[in-house]
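K.L.:
Need coordinates for the below:
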Amino acid sequence: MTLKTLSYEKVSGKIKLEKDSGYIAAGEVLMQEDENGKDRPVQYESVNLSRLESKYSQPNLELCCVARILKKLQTILWGQHFGFKVDDKALIQIINTPCLPNVPMKRWVEFIQLLSFDLLHKLGKTFTMPDGLSRRPKGEDEEESEMEDFYEGRTSFDWSEIKLIYSTYL
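P.N.:
Numbers count the residues shown, from 1 in each chain. Take a look at the predicted model:
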């Protein structure tokens, strides 16, 4: 839901994004400071998770949700420096760590780091707006995640292709 137009002028206030993840969905609130320094919501968004995503461990789930939300807002945030608030301290470390345990996490972090932002921690108790959006159940008419290609299918390894390639060199 879009409430007002985001202003990209130099005199405009800072752009801020708050994100929260749950096992059903990820919620985000995009805000911009007004002339009085108060944060005004510009857009509310809820991204439903697929059955596969909802089974991820907490670190994978948090990182996946960040990537999904930033992918959805990519055209709005591209080229803009913004404040990004999350309620998970471990997520900040994961995004800032170059060595990650698996390929999907590395791919998500590589995409996330393409954007320019200051990553900040905010206590979960004060995170009411995105928290409510992260609990939104999927509607009956909503399809599975459009982002499945973004992370799925690239993690499995097809040994038959490797054997075929290897056999041509023998």
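
K.L.:
what ranges do the strands span in the chain?
P.N.:
15-21, 25-33, 39-48, 81-86, 116-121 (DSSP state E).

K.L.:
Adding mean neighbour count, mean pLDDT and distance to Pro101, write these out as a markdown table.
P.N.:
Where you see a C-beta, it was placed from the backbone N, CA and C, and this is true even at glycine. Formatted as a markdown table, the strands of the chain follow (neighbours: other C-beta atoms under 10 Å; pLDDT from 0 to 100; distance: least, C-beta to C-beta, whole Å):
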| stretch | mean neighbour count | mean pLDDT | distance to Pro101 |
| --- | --- | --- | --- |
| strand 15-21 | 25 | 88 | 19 |
| strand 25-33 | 23 | 86 | 21 |
| strand 39-48 | 18 | 86 | 24 |
| strand 81-86 | 19 | 91 | 20 |
| strand 116-121 | 14 | 87 | 20 |
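
K.L.:
TSV for those, including distance to Glu110?
P.N.:
What follows is the strands of the chain, written out as TSV (distance: least, C-beta to C-beta, whole Å):
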stretch	distance to Glu110
strand 15-21	18
strand 25-33	19
strand 39-48	20
strand 81-86	16
strand 116-121	15
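
K.L.:
Output the contacting helices and strands for the longest helix along the chain.
P.N.:
Ranked by number of residues, the top helix in the chain under DSSP state H is helix 58-72. Packing partners of helix 58-72 (3 or more C-beta pairs under 8 Å, 6 or more residues apart in numbering; DSSP states H and E): strand 15-21, strand 25-33, strand 39-48, helix 89-96, helix 103-112, helix 148-151.

K.L.:
Parallel or antiparallel, which strands does the second one pair with?
P.N.:
Strands that pair with strand 25-33, judged by DSSP bridges, come out as strand 15-21 (antiparallel), strand 39-48 (antiparallel).

K.L.:
quick one: the first one to helix 89-96, angle?
P.N.:
In this case it means strand 15-21. In terms of direction (axes from the mean of the first three to the mean of the last three C-alpha atoms, to 10 degrees), strand 15-21 departs from helix 89-96 by 120 degrees.
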